[in-house]
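Colleague: make a model of this:
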Amino acid sequence: MTAWHVDRPGPVGIDGTSAGPLTARDTPVLESEPGELLLRVLTCGVCRHRPARHRGRPAGAPGRGDPWARGGGDRAWRRGRLRRRRPGRGGVAALHRRHLGATLYVMTRDEKAQELARSLGASFVGGAADMPPDPLDAAILFAPVGDLVLPAMAALDRGGTLAVAGIYLTDIPPLSYDRYLFQERQLRSVTSNTRQDAREFFTFAAEHKLAVTTHEYPLDAADRALADLKVGRFDGAAVLVP
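Modeller: Have a look, this model is predicted:
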């Protein structure tokens, strides 16, 4: 199969055509090890953390031909914050929380993301470090920017929780205990979802007919998809299709 590889980490080209970290070449199909399953991948979502990983963190190799992957085996929020640079997962979370009756406040620097948030019914839309009009019971940080942890924590009500939803995050500045953590405020990471989480979410999505904004790219254009994601050429989420 044809697969994309990162041989030498480097910046993603903003036009998707200049030399970047991705190189396409023929690659043997993976073979499963004992205790593993070999799965055919029909589509692949483009994650916000991949451009950062391609600049110097370990990265995978999306493949084409017959693409394969190898591997082993909530509470309802009255208010929620979606703070992000790009509106992929945040848009899905907004739809989910809106159907649960949450009041949504969205803070993002991206104008397209702000427009999408308004179209999804957000009660307040502001800049990435803006304060919402009310204290928050819970907040989700999607942007991989440690500096945004402080304003997000400052926006929490007593007993509120900030969940950092990214796989990668830049360093968090020093935290003042009195200002950001006192009165039972919590800061936590979210590493991954369980199979049961996925079953419950897809059942919820089908019942409530969630309409998700996606943009398809052929796998041959994986470098262009990353470039478009980097500079915010689309709203919603990008999907690679073999």
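Colleague: name the helices or strands packed onto the lengthiest helix in the chain?
Modeller: Here the longest helix in the chain is taken by residue count, with DSSP state H as the criterion, and it is helix 195-208. The helices and strands touching helix 195-208, judged by 3 or more Cβ pairs under 8 Å, 6 or more residues apart in numbering; DSSP states H and E, are helix 88-99. From N, CA and C alone the C-beta is placed, and that goes for glycine too.
Colleague: helix or strand right after the helix it packs on?
Modeller: Tracing the chain past helix 88-99, the next element assigned as helix or strand by DSSP states H and E is strand 103-107.
Colleague: mind listing the strands that following strand pairs with, and their directions?
Modeller: On the basis of DSSP bridges, the sheet neighbours of strand 103-107 come out as strand 79-83 (parallel), strand 124-126 (parallel).
Colleague: domains of this structure?
Modeller: The chain is divided into the following domains under automatic domain parsing: 2-73+214-241, 79-189.
Colleague: run the chain-centre distance for the longest helix of the chain.
Modeller: In this view, helix 195-208 has its centroid 18 Å away from the chain centroid, taken as Cα atoms, centre = their mean, to the nearest Å.
Colleague: please identify the helix or strand for the residue located most distally from the centre of the chain.
Modeller: In the chain, the residue that sits farthest from the middle, by Cα atoms, centre = their mean, is Pro34; the gap is 31.5 Å. When elements are defined using DSSP H and E, Pro34 is found to belong to no helix and no strand.
Colleague: heads up, I number from 271, so please use that
Modeller: Happy to do that; since the first residue is 271 now, the last one works out to Pro304.
Colleague: now do the helices in the protein.
Modeller: Assignment of helices within the chain using DSSP H yields the ranges 319-324, 358-369, 381-389, 419-424, 465-478, 492-501.
Colleague: pLDDT of stretch 422-429, averaged?
Modeller: Per-residue confidence for stretch 422-429 averages out to 94 on the pLDDT scale.
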